[in-house]
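> Structural data only, the sequence is not supplied:
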């Protein structure tokens with residue numbers, strides 16, 4: 001999966017010396033990747049320029065070995081809404097992908113870049129292939145309608161180890177938004193041209209070579225440099241003292257695991273308190289090593305409602321003063337073994353948490369949970385964020401599934 005920089009530079013430079021448009025050579029042979037093109041089709045793009053844009057994308061795809069176990073390509077277009085053009089598994093050869101791109105028409109409208117990024121996260125990159133880089137090539141000629149929403153959706157994608165390249169086609173575009181949306185470092189993830197006439201071979205070369213360098217993260221494996229802020233919540237399990245003890249035991253298994261690294265440069269953990277200051281709650285900046293966290297978890301008392309716990313995530317747990325790091329993911333692991341006392345209140349609290357950018361992983365234990373409630377509490381896609389266990393003995397399954405979300 002790794003390239004040595006000197007070999008990559010020499011071999012790719014040699015290939016590109018004789019390259020011509022429409023006859024691009026493969027530059028990442030044998031290296032798989034999942035690439036999504038997010039194509040601006042707003043009214044500010046003239047039809048003749050949209051045809052140029054389509055040709056540019058087709059030339060880009062010619063540079064990859066396309067196949068089920070090689071590079072897979074998907075495409076969406078966006079204006080006021082998002083149109084899903086084709087998925088990663090739809091086409092398995094370069095010729096089929098090129099034909100599919102040639103059939104993309106322009107609908108025109110506004111620029112809802114935020115909806116495009118959200119669609120990619122929910123509908124295309126909802127699952128990961130181990131070790132395969134996930135890449136978005138975002139192409140636009142102007143500012144999005146809702147920059148804050150766009151930046152937020154880009155952050156959620158990048159938090160899941162998705163790399164975002166931006167092709168900006170305008171002299172008037174707002175660079176602050178482009179830089180916030182694109183992956184770091186921006187000098188190798190932003191490609192700027194003044195007009196559609198500049199979408200030529202030189203830009204294709206630069207963009208393709210940059211995508212070659214993207215590395216995929218092993219799914220479900222944390223390393224010492226992987227950052228997430230994770231807060232555990234004992235929901236309805238808290239009403240059952242025996243269930244609470246078992247739930248805390250499962251949490252201890254996660255913290256004590258040899259793959260768990262705790263610290264400012266790695267993972268940080270917190271827990272929502274259960275009766276104000278009288279119980280085992282702690283903040284993200286309370287402890288910087290796993291042994292102190294485990295010692296703390298062994299102090300247990302009675303709990304309040306599930307809705308109160310979830311509200312606490314927003315008002316306290318994920319606050320900067322309590323150790324939240326703005327640049328990393330916010331995840332809550334909510335463990336429940338029965339239906340909440342007030343479903344409407346609980347769901348409302350969960351909606352507020354998700355609007356604040358908190359991803360909610362729901363762990364449903366046993367047969368007394370309300371499956372409908374669990375599904376509505378979990379973040380999207382539900383198939384990833386909803387974990388069901390028959391009882392508290394399934395610790396190994398719990399650890400594997402939670403790790404696959406903490407370190408996607």
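Received, thanks. None of the values given here were measured: they were computed from a predicted structure.
> And the strands in the stretch 151-300 of the chain?
Taking DSSP state E, counting those that start in this stretch, the strands of the stretch 151-300 of the chain run over residues 162-169, 190-193, 228-234, 267-271.
> between the ones you listed, which gets nearest to residue 363?
Proximity to residue 363, assessed across the strands of the stretch 151-300 of the chain by Cβ to Cβ, is greatest for strand 228-234 (9.6 Å). The C-beta positions use only the backbone N, C-alpha and C, and glycine is treated the same way.
> Strand partners (parallel or antiparallel) of that closest one?
Strand 228-234 has the following strand partners under DSSP bridges: strand 267-271 (parallel), strand 330-336 (parallel).
> can you list the domains in this protein?
The domain map for the chain lists 20-212, 228-406, with the assignment taken from automatic domain parsing.
> Take those and lay them out in CSV including mean pLDDT and mean neighbour count.
Shown next, in CSV, are the domains of the chain (pLDDT from 0 to 100; neighbours: other Cβ atoms under 10 Å):
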stretch, mean pLDDT, mean neighbour count
domain 20-212, 89, 18
domain 228-406, 82, 19
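> that older thread, okay if I get the strands paired with strand 228-234 as a markdown table plus distance to residue 306?
Shown next, in a markdown table, are the strands paired with strand 228-234 (distance: least, Cβ to Cβ, whole Å):
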| stretch | distance to residue 306 |
| --- | --- |
| strand 267-271 | 14 |
| strand 330-336 | 7 |
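> right, and those - which one's nearest residue 126?
So among the strands paired with strand 228-234, strand 330-336 is nearest, using Cβ to Cβ, at 16.2 Å.
> Point out the one among the strands paired with strand 228-234 that comes closest to residue 93.
That would be, of those and by Cβ to Cβ, strand 330-336, which comes in at 38.6 Å.
> Quick check: what element follows that closest one along the chain?
Later in the chain than strand 330-336, the nearest helix or strand by DSSP states H and E is helix 343-355.
> Could you list the residues in contact with that following helix?
Residues outside helix 343-355 that contact it (Cβ atoms under 8 Å, 6 or more residues apart in numbering): 235, 305-308, 310-311, 313-314, 332, 340, 360, 370, 373, 376-377, 379.
> Just the ones of those residues in strands?
Mapping the contacts of helix 343-355 onto strands (DSSP state E) picks out 332, 360.
> hang on, the earlier thing: minimum distance to residue 255: which of the strands of the stretch 151-300 of the chain has it?
Closest of the strands of the stretch 151-300 of the chain to residue 255 is strand 267-271, at 6.5 Å (criterion: Cβ to Cβ).
> Pull the distance from the closest one to the chain's centre.
The chain centroid and the centroid of strand 267-271 are separated by 19 Å under Cα atoms, centre = their mean, to the nearest Å.
> Give me the contacts around it.
Under Cβ under 8 Å, 6+ apart, the answer for strand 267-271 is 222, 226-234, 251, 255, 260-262, 280-287, 293, 297, 317, 322-323, 325, 406.
> Looking at those residues, which are in helices?
Members of these lying in helices (criterion: DSSP state H): 251, 255, 293, 297, 406.
> which among those residues gets closest to residue 63?
Nearest to residue 63 among the ones in helices among the contacts of strand 267-271, counting by Cβ to Cβ, is residue 406 at 34.2 Å.
> Can you tell me the closest non-neighbouring residue to that closest one?
Nearest residue to residue 406 in three dimensions, chain neighbours excluded: residue 228, at 5.4 Å (Cβ to Cβ, 6 or more residues apart in numbering).
> can I assume that neighbour is in contact with residue 331?
Yes: counting by Cβ atoms under 8 Å, residue 331 is a contact partner of residue 228 at 6.0 Å.
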